[in-house]
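S.K.: Please work out how this folds:
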Amino acid sequence: WSGRRCRRLAGHKREPELRHPSAMHWAPPLMHALSAIVMKGSPAHVAVFGATGGCGAEVTYQALERGHRVSVLCRDPSKLCVPPGSGGAAAGSPLSSPMLRVCKGDVTKAADVEALFEEAEEPVTGCVIALGGRTSDVGETMLTDGTSNVIRSMKARGVRRISVVTSIGAGDSQNQAPFFFKLLMWTVLKGVFQDKNNQEALFFGGEGSDLEYTVVRPGGLTLGPPTGTTQVISGEAGSISRADVAAFCLDAVTDPDWKYVRKAPCISAGAAS
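M.R.: Numbering: from 1, shown residues only. Predicted structure coming up:
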């Protein structure tokens, strides 16, 4: 991983570079138009932050299954694996694809986030943030600091669509959390939820408020397979698989008619039809 931070996996041969060097930054107006074209049906280029976690791995795997290009930023690329929910018998094996580009780095370091966008052969068209980890490992403000870095890199290039996984109980959804979960929020998870609330505030009146964001607040997360029954709820949250959360997040950055732009839907598993 010396030199360039980002590597394409599975022995993919780099395609000839056709862009003029002066176009490497993809001016925001041009990028905005390109994003609109991509959302009409062409494969997207999705950047995933938190790809070694449960939801992030699902987003990465499902995006590749849908035929999209994917770029991920990981502190430890060796932890990038096929997820248990969607991966079936391949779960736990290294995740690789000619359409996958892995960048080694830390989302709290602006230069690492910039490298993911800057070194892309094709411009990023949408971002999914599914960050997590023990506070002792990642710090007390990782969610807020990392998301801020992503927002700045997106805005510099005119990338518009972003979905961000937070949690039921964050922001104004506290009353939708089950009582036992509220107890955790008020005690052992108090610091984590302070960071989640600050992360959300970046979009609700903060520096990301002009992006086409969706703040996704899932209920209790499970390792089950995708069900396709996700529903947006207004009452108390139930459980939902990480695979279904990932599908919802991907739709948020690839569906041109997405109806939850600049909203914060709470999601839970629905009844099977």
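S.K.: Show me what residue 100 bridges to in the sheet.
M.R.: residue 70 (DSSP bridges).
S.K.: next one: the one 4 residues further on
M.R.: Beta-bridge partners recorded for residue 104 (DSSP bridges): residue 74.
S.K.: any idea how far it lies from residue 121?
M.R.: For residue 104, the distance to residue 121 (C-beta to C-beta, to the nearest Å) stands at 17 Å. Every C-beta, even on glycine, is put in place using the N, C-alpha and C of the backbone.
S.K.: Just want to know which of those two has more residues nearby.
M.R.: Neighbours were counted for residue 104 and for residue 121 using other C-beta atoms under 10 Å; residue 104 has more, 19 against 16.
S.K.: can I assume that one is in contact with residue 72?
M.R.: No: contact criterion C-beta atoms under 8 Å: residue 104 and residue 72 do not qualify, at 9.8 Å.
S.K.: Just after the helix or strand bottoming out on mean pLDDT in the chain, pick out the following helix or strand.
M.R.: Within the chain, no helix or strand scores below helix 28-38, which has a mean of 47 by mean pLDDT, DSSP states H and E. Counting by DSSP states H and E, the next helix or strand C-terminal to helix 28-38 is strand 45-49.
S.K.: and that next one, what's its mean pLDDT?
M.R.: When pLDDT is averaged over strand 45-49, the result is 98.
S.K.: Beyond that strand, next helix or strand please.
M.R.: Counting by DSSP H and E, the element after strand 45-49 in chain order, helix or strand, is helix 54-65.
S.K.: list the buried ones in that following helix?
M.R.: 54-64 (16 or more other C-beta atoms under 10 Å).
S.K.: what do you get for stretch 116-135?
M.R.: Residues 116-117, 120-132 are the ones in stretch 116-135 that count as buried (16+ other C-beta under 10 Å).
S.K.: Give me the subset of those that lies in helices.
M.R.: Of those, the ones assigned to helices by DSSP state H are 116-117.
S.K.: quick one: contacts of stretch 231-249?
M.R.: 54-55, 58-59, 61-62, 83, 85-86, 128, 130, 163, 165, 168, 176-178, 214, 216-230, 260, 265-270 (C-beta atoms under 8 Å, 6 or more residues apart in numbering).
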